[in-house]
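Chemist: could you work out the structure for the sequence below:
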Amino acid sequence: ETETSSEVLGLLELDFPGVKNVGYIMHPALLDGTIHILATASIGKNVSGLKIFGGVGKVMVVKKDNFSKLSRYWVHMQITESLEASQTFNVTVTADDGSVLMIMEDVVFRAVKPEQIQMAIAAQGARDDEQKLYEVQWFDASEASEALDRSDLFAQGEGLIVSDTPESLLALSTLSKGSKSVTCAKAQDLDLSKLDTFEWILNVSSNNERKSLAENLLFVVKLLQSLAKARHPKFQCLILATNNTQAVKVGDMSGASCPLHASLWGLARAFRNEHPNQPRVLCFDLGCKLNLTELQHLPLPSTAEAEAEVALRSTLLVPRLQEANHEVGDVSVNGNHVITGGLGALGLMFASWLLEKGKGTKAKKAGKTKEGEVKVALISRSGKPPADCQVAYRRLASKVSVHKADISDAKDLSQAMQTICKLGPIKGIIHAAGMLDDHMIADLKDSHITSVLAPKAAGTMNLNDALLTHQPKTELDMFVLFSSVASLLGTPAQGNY
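Modeler: Take a look at the predicted model:
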């Protein structure tokens, strides 16, 4: 300790029976421990009050290789500012051999009062009718941020254009013919190890064939990996252009093709968070009428804080997370309902909710409803609840039916849906199936992406097809899909999810 700063050196070990430090950059318990070592700096001192984590200025993962299998880490902490209201410090995490794994700069702990903690706990336990809803709303860029000036993309130095359809590639090639510095190529013809001559890359995703979803996503992941690894000094930005994947207003998706390539926006958000010092990754969404000429003049960012996501409609629109003003009405539940991922925690929670809602419906009808009108069919790939869900399942076992099927397999799901339709017309679908396989984008392999896509993307489309096959005329009361805040915020290590 000196007059201006304090230093702390600590050793963190993961030593819990049955807990494996695999699948993370660093196990969450260890990551949490790196910053809470700060408490040791207060030992033997007259310290009053409580300080909790308030934010971090910058996180850098230095070691490129996966270091999640290490069982212990050395943590060096340097306190740079210690005030009554806050403490600020830098953290360096190393392996046993002294190699630096990760650096966190300007970590802040802020003082809180006991009553503030009590208020936060009370908010967590708020009733359903007190919970706030949020949604992405789109605003005219001229009003929501600094003016976005369109620049001639083809005049921005050496550029590469890639498209997933021959038609789009030909149109863009014709459009850029006047510029000798622009190269157009098919994805399969590119050598991703030789991108050092380009200053920008435009990737256009407009193919509506289902197989293009995985193909395009896998290509963009490899493109991001190449750019992150090589760090070409001249390279400025990767532009991901999509076609009507963002619903900027009600009715945008009516009659439109399935927004297959919306996932690229979530992937880009994760990349920006994992590689904050890398070249910019920009997302532009064209309207349902694919006007490729829009791509010649784009609002390219002039600063690091400039807009990275823009919808190109009759005007330029940018997204903002806003509190939603939707009225949440009561839900009436009748008929046959299907829940995928039905034996998982989320599926069983909604099964219980449906059955409870069904009881309320019967009570309101004063005995006019036949017993068993509300039916719940649970679809599960394994057909068995995991260990941590067995108690919840036993409470419901006599009230639900279980159907073993892999929803990513169209034939398998179709057979299960045919059986369920015989129990009565399906009135609602809750698609709660999902899979996690977390990795940093630099470490993603094809299997990490396809395994996560299977239940979410293929499963959704297979449910739609099976319903149209076995129940083409009955309208649904609900078709519920689950996303994650990870796709909105770009959670590091969840780019594939």
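Chemist: what's the next secondary structure element after the worst-scoring helix or strand of the chain on mean pLDDT?
Modeler: Here the helix or strand of the chain ranked lowest by mean pLDDT, DSSP states H and E is helix 114-124, holding a mean of 70. Following helix 114-124 in sequence order, the next helix or strand is strand 134-140 (DSSP states H and E).
Chemist: just to revisit the earlier point, list the buried residues for the least confident helix or strand of the chain?
Modeler: Across helix 114-124, burial judged by 16 or more other C-beta atoms under 10 Å covers no residue at all. Using the backbone N, CA and C atoms, a C-beta is placed for each residue, glycine as well.
Chemist: use 48 as the first number for this chain going forward.
Modeler: OK, 48 is where the count begins now, so the last one is helix 161-171.
Chemist: residues in contact with it?
Modeler: Residues outside helix 161-171 that contact it (C-beta atoms under 8 Å, 6 or more residues apart in numbering): residue 97.
Chemist: how about the helix or strand hosting residue 443: buried residues?
Modeler: Under the criterion of DSSP H and E, residue 443 resides in helix 437-443. Residues 439, 440, 443 are the ones in helix 437-443 that count as buried (16+ other C-beta under 10 Å).
Chemist: hmm, which of these is lowest in pLDDT?
Modeler: Within these, pLDDT reaches its minimum at residue 439, with 93.
Chemist: now that residue. Nearest residue, chain neighbours left out?
Modeler: residue 395 (4.6 Å; C-beta to C-beta, 6 or more residues apart in numbering).
Chemist: measure the one you found to residue 506 for me?
Modeler: Distance check for residue 395 against residue 506: by C-beta to C-beta, to the nearest Å, it reads 18 Å.
Chemist: if we can go back for a sec, what number of residues are in the vicinity of the residue nearest to residue 439?
Modeler: Close neighbours of residue 395, defined as other C-beta atoms under 10 Å, add up to 24.
Chemist: which residues are contacting stretch 526-541?
Modeler: When contacts are defined by C-beta under 8 Å, 6+ apart, stretch 526-541 is touched by residues 71-72, 183, 310, 312-313, 315-321, 368, 393, 475-479, 481, 483, 485-487, 507, 544.
Chemist: okay, now that stretch: how far is its last residue from its first?
Modeler: Length of stretch 526-541, first residue to last, C-alpha to C-alpha, to the nearest Å: 25 Å.
Chemist: can you check stretch 138-158 too?
Modeler: 20 Å.
Chemist: and it, what's buried?
Modeler: 138, 139, 140, 141, 148, 149, 150, 151, 154, 155, 156, 158.
Chemist: stretch 443-456 too?
Modeler: For stretch 443-456, burial by neighbour count (16+ other C-beta under 10 Å) applies to 443, 447, 448, 449, 450, 452, 453, 454, 455, 456.
Chemist: quick one: residues contacting the last one.
Modeler: Under the criterion of C-beta under 8 Å, 6+ apart, the contact list for residue 456 reads residue 509.
Chemist: check what pLDDT it gets.
Modeler: As predicted, residue 456 sits at a pLDDT of 97.
Chemist: what about it, distance to residue 468?
Modeler: Taking C-beta to C-beta, one finds residue 456 at 18 Å from residue 468.
Chemist: then residue 439?
Modeler: 26 Å.
Chemist: residue 495 against residue 543, yeah?
Modeler: Yes: the pair residue 495 and residue 543 passes the contact test of C-beta atoms under 8 Å, sitting 5.4 Å apart.
Chemist: which parts of the stretch 98-247 of the chain are helices?
Modeler: Counting by DSSP state H, counting those that start in this stretch, the stretch 98-247 of the chain has helices at residues 161-171, 188-191, 213-222.
Chemist: compare these and give me the one nearest residue 341.
Modeler: helix 213-222 (10.4 Å; C-beta to C-beta).
Chemist: could you dump the closest one to PDB, C-alpha only?
Modeler: The C-alpha coordinates for helix 213-222 follow below in PDB (Å, rounded to 0.1, in the frame of the first residue of the first chain):
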ATOM      1  CA  PRO A 213     -26.300 -14.700 -57.900                       C
ATOM      2  CA  GLU A 214     -29.000 -12.100 -58.800                       C
ATOM      3  CA  SER A 215     -27.900  -9.700 -56.000                       C
ATOM      4  CA  LEU A 216     -24.300 -10.300 -56.700                       C
ATOM      5  CA  LEU A 217     -24.800  -9.400 -60.400                       C
ATOM      6  CA  ALA A 218     -26.800  -6.300 -59.600                       C
ATOM      7  CA  LEU A 219     -24.200  -5.100 -57.100                       C
ATOM      8  CA  SER A 220     -21.400  -5.900 -59.600                       C
ATOM      9  CA  THR A 221     -23.200  -3.800 -62.200                       C
ATOM     10  CA  LEU A 222     -23.800  -1.000 -59.700                       C
END
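Chemist: tell me which residues in that helix are buried?
Modeler: 215, 216, 218, 219, 222.
Chemist: still on that earlier bit, so what's the gap between the helix holding residue 443 and the chain middle?
Modeler: 30 Å (C-alpha atoms, centre = their mean, to the nearest Å).
Chemist: quick one on the thing from earlier: could you dump the buried residues of helix 437-443 to a markdown table with distance to residue 531?
Modeler: Shown next, in a markdown table, are the buried residues of helix 437-443 (distance: C-beta to C-beta, whole Å):
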| residue | distance to residue 531 |
| --- | --- |
| 439 | 21 |
| 440 | 24 |
| 443 | 25 |
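Chemist: what is the nearest of these to residue 518?
Modeler: Using C-beta to C-beta, the buried residues of helix 437-443 come closest to residue 518 at residue 443, 24.4 Å.
Chemist: doesn't residue 400 make contact with that closest one?
Modeler: No: Residue 443 is beyond contact range of residue 400, at 10.8 Å (criterion: C-beta under 8 Å).
Chemist: give the other helices and strands that the helix or strand harbouring residue 406 contacts.
Modeler: For residue 406, the host element (DSSP H and E) is helix 392-411. When contacts are defined as 3 or more C-beta pairs under 8 Å, 6 or more residues apart in numbering; DSSP states H and E, helix 392-411 packs onto strand 383-387, strand 422-427, helix 437-443, strand 473-478.
Chemist: next, the angle from whichever helix or strand comes after the third one to strand 422-427.
Modeler: Heading C-terminal from helix 437-443, the first helix or strand you meet, by DSSP H and E, is strand 447-451. Using axes from the mean of the first three to the mean of the last three C-alpha atoms, to 10 degrees, the interaxial angle of strand 447-451 with respect to strand 422-427 works out to 30 degrees.
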